[in-house]
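Q: I'll drop the sequence and a predicted model, then ask my questions.
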Amino acid sequence: MRISPLILLLLIISLLSCGKETNQVLRYFENAEIQCETEDQKNSIINALNDILTLDTAELKEKRYADYRGQKGEWTIQVLLYHYFVPDAQSKIPGDNFFNDIKSDDLRDKIKSIIIEIK
């Protein structure tokens with residue numbers, strides 16, 4: 001029995017990727033549409049994204065943000081992101097490892113590019 005090189009390559013790639021966990025937060029942000037209507041909402045988004053880049057996990061878990069009506073202290077970081085970022089597929093969710101996933105270098109790079117995009 002002879003295995004074609006292409007099938008062998010696909011098998012190797014598949015085996016290598018099996019052990020990798022997908023960063024669900026990064027996946028959520030990929031191709032997500034930012035939806036905000038006011039300058040205050042936009043500023044809340046920018047502040048929250050900057051907080052991901054600068055605050056430690058404990059501080060970020062405690063931090064609260066204004067909701068879409070401007071009511072201060074209503075939303076957690078996760079709720080804010082869920083309300084203002086609409087993913088390109090309903091199956092995309094930020095995931096259960098949110099506070100671990102947000103510390104990855106790939107996600108931090110994505111967040112920096114989002115901040116530049118919406119400023």
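A: Received it, and whenever you're ready, just let me know what you need.
Q: list the contacts for the nearest residue to F85 once chain neighbours are set aside?
A: Leaving aside its chain neighbours, F85 sits nearest to A32 (4.3 Å; criterion: C-beta to C-beta, 6 or more residues apart in numbering). C-beta here means a position set from N, CA and C on the backbone, and glycine is covered the same way. A32 is in contact with 85-88, 92, counting by C-beta atoms under 8 Å, 6 or more residues apart in numbering.
Q: would you mind putting those residues into a markdown table with pLDDT and secondary structure alongside?
A: What follows is the contacts of A32, written out as a markdown table (pLDDT from 0 to 100; DSSP: H, G, I helix; E, B strand; the rest coil):
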| residue | pLDDT | secondary structure |
| --- | --- | --- |
| F85 | 95 | strand |
| V86 | 93 | strand |
| P87 | 91 | coil |
| D88 | 89 | coil |
| K92 | 84 | coil |
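Q: helix or strand for Y68, which one?
A: If you go by DSSP states H and E, Y68 is not part of any helix or strand.
Q: which regions of this structure lie under the pLDDT threshold?
A: Residue ranges of the chain with pLDDT under 70: 1-21.
Q: and D88, how many neighbours?
A: By other C-beta atoms under 10 Å, 11 other residues sit near D88.
Q: hang on, it packs against Y28?
A: No. At 9.7 Å, D88 does not count as touching Y28 under the criterion of C-beta atoms under 8 Å.
Q: done for today, thanks.
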